[in-house]
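Colleague: need a 3D model of the following:
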Amino acid sequence: MSTVAMRVLDRVAERMSRLAAQRTSRRGLLARIGALVVGGAVLPLLPVDRSGRIQRARAQAFAETAQTTDPTQCNYWRYCAIDGYMCSCCGGGPSTCPPGTYPSPSSWVGTCINPDDGQAYLIAYRDCCGKDSCGQCACLATEGEMPVYRPQLNNDIVWCFGAPNMVYHCSSAALIGKA
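Modeller: The predicted model follows:
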């Protein structure tokens, strides 16, 4: 570069820096730079739901082996997110508690695909409480299960809150409607 071009470049740079210095303070400039650095570092930590594709793949995999005729088997289509002993093996039905037990007033939810019609349905899983554990037909399905900080989607919690007795007996799967 020639010396004339260097002088012009120096003058332009000097004017720009003087203009910036007149309009901002050092603290303000440092605060903005700090905000950009911190904001850029925090951006990847923002909650982004990336589980949708994985959950759909798991639901589809369960639906491929699911059946709609025998509610005493773990592959019964409503049991895609059940955890525990199935009430249909303990004197109740797939969505009803056995005699002598009480349905919990709270439940966790799951979305299961019915293999007969290919539709997704919302299922409410409700623990039946009041007797000792049934001990028959234990199933552990983790479709759509979330950690304890999302309790409505966590099937590892004993859901007998508010029932007359907190003793777990079995789990039922009530069909709520189309998802």
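Colleague: how long is stretch 93-109 from one end to the other?
Modeller: End-to-end distance for stretch 93-109, by C-alpha to C-alpha, to the nearest Å: 18 Å.
Colleague: let me fix that: stretch 114-132
Modeller: The straight-line separation of the ends of stretch 114-132 (C-alpha to C-alpha) is 31 Å.
Colleague: now it, how far from the chain's geometric center?
Modeller: When C-alpha coordinates are averaged (C-alpha atoms, centre = their mean, to the nearest Å), stretch 114-132 and its chain have centres 17 Å apart.
Colleague: give me the mean pLDDT for it.
Modeller: Mean per-residue pLDDT for stretch 114-132: 89.
Colleague: would you mark the buried spots in it?
Modeller: Going by neighbour count (16 or more other C-beta atoms under 10 Å), the buried part of stretch 114-132 is 114-115, 120-121, 123, 125-131. All C-beta spots, glycine's among them, are computed from the backbone N, C-alpha and C.
Colleague: and what of stretch 8-16?
Modeller: In stretch 8-16, no residue is buried by neighbour count (16+ other C-beta under 10 Å).
Colleague: could I get it in PDB with only the CA atoms?
Modeller: The C-alpha trace of stretch 8-16 is given here as PDB (Å, rounded to 0.1, in the frame of the first residue of the first chain):
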ATOM      1  CA  VAL A   8      -6.500   7.900   4.300                       C
ATOM      2  CA  LEU A   9      -7.100   4.600   6.000                       C
ATOM      3  CA  ASP A  10      -5.600   6.000   9.300                       C
ATOM      4  CA  ARG A  11      -7.900   9.000   9.100                       C
ATOM      5  CA  VAL A  12     -11.000   6.900   8.500                       C
ATOM      6  CA  ALA A  13     -10.100   4.600  11.300                       C
ATOM      7  CA  GLU A  14      -9.400   7.500  13.600                       C
ATOM      8  CA  ARG A  15     -12.800   9.200  12.800                       C
ATOM      9  CA  MET A  16     -14.700   6.000  13.300                       C
END
